[in-house]
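Any chance you could fold what I've pasted below:
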Amino acid sequence: MSPGCPHDDGLGQRCSTDGNPHVVETAADVRRLLAAQMMQLRANPDLDPLQKAGRLAQLGQVILRAIELDTLEMRVQALEATLRLRKVDQTVKETSP
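Below you'll find the model as predicted:
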């Protein structure tokens, strides 16, 4: 969380530079936001247990998909970095005497 963020809910939500408490730019951000929402839902004593279970199951499915996308995003980034390094190596070999 950014220092001085007025939206401190104790769940690790961070503020962007414009003060937006829920910055969602990547699959990892979605995963963190959904996990925080799941914790809030679990802590709510006012909900009917069946409704709570249904909502938790829905959030669980969405979180699993976000985890898959986050993993895929990281793998793609690693592949792109590897390809960039190979291209640089190839360029160096071609220009070397």
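
I'd like to know the predicted local confidence at residue 63, please.
At residue 63, the model reports a pLDDT of 88.

Please tell me I have it right and it contacts residue 36.
No. Using C-beta atoms under 8 Å, residue 63 is not in contact with residue 36; the gap is 10.6 Å. To be clear about C-beta, it is placed using only N, CA and C from the backbone, and glycine gets the same treatment.

Which one of the two is surrounded by more residues?
residue 63 (19 against 16; other C-beta atoms under 10 Å).

Where does the spatially closest residue to the more buried one that is not a sequence neighbour fall, secondary structure wise?
Excluding its sequence neighbours, the residue lying closest to residue 63 (C-beta to C-beta, 6 or more residues apart in numbering) is residue 34, at 4.8 Å. Using DSSP states H and E, the element containing residue 34 is helix 27-43.

Could you pull up the mean pLDDT of that helix?
Here helix 27-43 scores 89 as its mean pLDDT.

roughly how far out does that helix sit from the chain middle?
Helix 27-43 has its C-alpha centroid displaced from the chain centroid by 10 Å (C-alpha atoms, centre = their mean, to the nearest Å).

next one: stretch 73-87
Its chain's C-alpha centre and that of stretch 73-87 lie 20 Å apart, by C-alpha atoms, centre = their mean.

Now do the same for residue 47: helix, strand or coil?
On the three-state scheme (DSSP: H, G, I helix; E, B strand; the rest coil), residue 47 is labelled coil.

Just give me the residue closest to the centre of the chain.
The residue lying closest to the centre of the chain (C-alpha atoms, centre = their mean) is residue 28, at 1.4 Å.

Much appreciated, bye for now.
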